[in-house]
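Student: What shape does this take:
(chains A and B)
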Amino acid sequence: MKSKISLAFEKCKKEKRPALITYTVAGDNTIGNSIKILNKISNHADILELGFPHNTPIADGGQIQSSTHRALRNGIKLKDVFNIVKIFKKKNPKKPLILMGYFNLIYQIGENNFLNNCKSSGVDGCIIVDLPYPENKSFANKCKKKSINFIQLLSPTTPKGRMIEIIKNSHDMIYYISMLSTTGGKLKISPKKILKNYNKIKRINPKKNLVIGFGITDKTISALKSANGLVVGSMLCKNITNSLRMRQNPVTKLDKVVYNLKNKIL
Amino acid sequence: MRLKLRNGIPLIDQHDKNYMYGGKFGGNYIPETLKKPVDDLTKLFSKLRKDKNFIKERDYYFRNYVGSPTPFLKLENLTDHLGGAQIYAKVVSEANGGAHKIYNATVHCLIAKKAGKKFIVGDTGAGYAGKMLSMAAKKFGLKCKIFMGAKDIKRQRPNVEAIKKNGAKIVPVTSGSQTLVDAVSECMRYWVANNDTTNLCVGSTVGPNIFVKICAWSTAQISRELIKQVKEEFGKIPKKLKLLNCVGGGSSAMGFWNEFMDTDAEFIGIEAGGPRNSKLHAAPLTNGSKIGILHGAAQYVIQDKEGQIGTTESISAGLDYPGISPLHCFLKDTKRARYTSASDEEALEAYKLVSKLENISPSLEPSHAFAEAIKIAPKLKSSDVIIVNSCGDSLKDKDIIKKRLGVYIR
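Tutor: From the prediction side, this is the model:
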């Protein structure tokens, strides 16, 4: 059976557009709003990434750190994250949802326990920022056995031989980090250059769904729309921060922002 | 199954193919972007440490720049005062810059030069790692940035001024607890974004495996000197020898113990117990913290049940870190070393006693080790020998000491 992630990419290919993938942090700014945001933006986005917060992230930029900080200050726990997924999935059973975070939280609860929770709440995939290949082999296999996608990452520093290995070991989606940066950095290289690298990777195995993330905003997204998918995260976190500062409703704000992003890639 | 150390193999090399010690400590839990820079550094270092010319160069700078050997002396007055064991100090604070951090900083700058990098960045807690890196960077013509918690910038002013004087840029870190743990995170994030032009110097035996290795390999100079000095003083290695060292990240202790690994010398590591009446501390080994992942490595780390890294507290900025080197975790589980802690108050008392009686004045970090020496020496015989690594000078703690004790003595 095809995964929901695969089906989402197929649908987008038919519509001749990239998949729009959003990233928000679970519990930002509250558990309730987090669920409302997911419900709203899922009308426009094809795949949703949901961050499970860790207080010592080594690859997140300032915007995502602020979101994480807000969520943790409100006392978010892993069980709340799974609850958010469960509630969202009840309403939107077909929409693929990917959990993203750092390994220590999985290490503490235990890999099997974590994956059982993923399964019962309806998680479709996992991105673990600090569990690279080949260290992730055993965990990725456990994911596969439970029909959960393990999403491998590639970066501009990844040598070709290693890329081939990683792609061989990948599941339905691969995440290409656009540039040397933490999340949310300003694009340091042109979209043209990013696509050039992207196409090189794509040639290794054209059948794999390859998405681009890091530094993508409403300003840059349309220039990259030939990719299979595009991830926007920090820009969304920033909008939550700004709407809270201006006493606006972050839910309606994000609904609008993601709607606009979608229009830019049609 | 009990973990075992292997004789005759350097401790830093006793890992498996995933760079794990004892199958559970260390490793490389890093983002994909850092895989290649870490691999490159790993390859370069494994080549350099076998290269006779590189070793010659290192030894040249250790001798003529760092100042080797640092003094080894008997603390006659302290020994008489306490009665019991003979107490000695290895006065590593006499090294250029005033602490052991100079070894790691010098080696990292030499490596950065070999790698053709023009920029070097590092983290610092007490400010020594930052001060030394900025010094060495200046010496070797590298541009330097130091990441330091905003809280530490306030409490370690003398070292902050030294860093600035050396022409390095200080980046204040205002996230989280604003101490060492956040400085290391921010510094790693910076490296994620700039590893094409910049080399990273992690300030202690923590982080991804290669940084643990380079740091321990560099500070090993301390025990290379000491083992000779001990043999000169006693004619052989004394039967009942205890080597006491404070541990935060654990770099000075690793260097202090390394050459004695296959001898009968007893290793005692002293962690920061925090304020006497506080639940907070920075002593993951003493207080039975669980294994977790911090800054790219598996280690015993202060954390909550979920895996969020815990808050620490210590009067000593250099020990105020929730984790501990994977090498120390390995030494603990193999029972090669034992670990205990001293409170803020005990460290202050130890600083006061040593500074009053002797010609040395340890900073608050080694004062934790002196506190343990003061505790155990009276119970031992004169045939017992205690050596304390006095790895930092109290000058940087002048403000804190004045505030807590009313006067600063040295």
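Student: Just grab the bridge partners of the residue in the stretch 151-300 of chain B that chain A sits nearest to for me.
Tutor: Residue nearest to chain A within the stretch 151-300 of chain B: residue B:293 (4.1 Å; CB to the nearest CB). All C-beta spots, glycine's among them, are computed from the backbone N, C-alpha and C. According to DSSP bridges, the partner residues bridging residue B:293 are residue B:298.
Student: Let me know whether the helix or strand containing residue A:199 sits next to chain B.
Tutor: According to DSSP states H and E, residue A:199 maps onto helix A:191-204. No: using CB under 8 Å from any CB of the partner chain, we find that helix A:191-204 stays clear of chain B, coming within 12.6 Å at best.
Student: by contact count, what packs against that helix?
Tutor: Applying 3 or more CB pairs under 8 Å, 6 or more residues apart in numbering or on different chains; DSSP states H and E, one finds that helix A:191-204 contacts helix A:160-168, strand A:173-177, strand A:209-213.
Student: thinking again about what came up before, what residues are up against the residue of the stretch 151-300 of chain B closest to chain A?
Tutor: By CB atoms under 8 Å, 6 or more residues apart in numbering or on different chains, residue B:293 lies in contact with A:102, A:103, A:104, A:107, A:130, B:29, B:301.
Student: Widest-spaced pair of the residues you listed?
Tutor: For these, the farthest-apart pair by CB to CB is A:130 and B:301; their separation is 14.0 Å.
Student: Close to chain B: what parts of chain A are there?
Tutor: For chain A, the residues found near chain B under the criterion CB under 8 Å from any CB are A:54-61, A:65, A:69, A:72, A:77-78, A:102-105, A:107-109, A:129-133, A:135, A:153-159, A:162, A:177, A:180-182, A:185.
Student: Among these, name the ones in helices.
Tutor: A:65, A:69, A:72, A:78, A:103, A:104, A:105, A:107, A:108, A:109, A:162 (DSSP state H).
Student: The first one: how many residues sit nearby?
Tutor: The number of residues packed around residue A:65, counting by other CB atoms under 10 Å in any protein chain shown, is 24.
Student: wait, it sits on residue B:175?
Tutor: Yes: at 6.3 Å, residue A:65 and residue B:175 qualify as touching, with contact defined as CB atoms under 8 Å.
Student: sorry, back to before: any of the residues of chain A next to chain B buried? List them.
Tutor: Neighbour counting by 16 or more other CB atoms under 10 Å in any protein chain shown classes A:54-61, A:65, A:69, A:72, A:77-78, A:102-105, A:107-109, A:129-133, A:135, A:153-158, A:162, A:177, A:180-182, A:185 among those as buried.
Student: Which secondary structure state is assigned to residue B:129?
Tutor: Assigned state for residue B:129: helix (three-state reduction, DSSP: H, G, I helix; E, B strand; the rest coil).
Student: ok, now which ones touch it?
Tutor: By CB under 8 Å, 6+ apart, the contact set of residue B:129 is B:101, B:104, B:105, B:122, B:123, B:201, B:203, B:204.
Student: Would you quantify the distance from it to residue A:177?
Tutor: Counting by CB to CB, to the nearest Å, the gap from residue B:129 to residue A:177 is 29 Å.
Student: How about the residues of chain B by chain A?
Tutor: Chain B comes close to chain A at residues B:18, B:27-37, B:175-176, B:181, B:185, B:188-189, B:192-196, B:290-296, B:298, B:303, B:305-309, as judged by CB under 8 Å from any CB.
Student: Can you flag which of the residues you listed belong to helices?
Tutor: Counted as lying in helices by DSSP H, out of those, are B:32-37, B:181, B:185, B:188-189, B:192-194.
Student: where in the stretch 101-250 of chain B is pLDDT low?
Tutor: Of all residues in the stretch 101-250 of chain B, none has pLDDT under 70.
Student: Over stretch A:149-163, what's the mean pLDDT, rounded is fine.
Tutor: The average pLDDT for stretch A:149-163 rounds to 97.
Student: re the thing from before, of the helices and strands packed on helix A:191-204, which is nearest residue A:96?
Tutor: Of all the helices and strands packed on helix A:191-204, it is strand A:173-177 that lies closest to residue A:96, at 9.1 Å by CB to CB.
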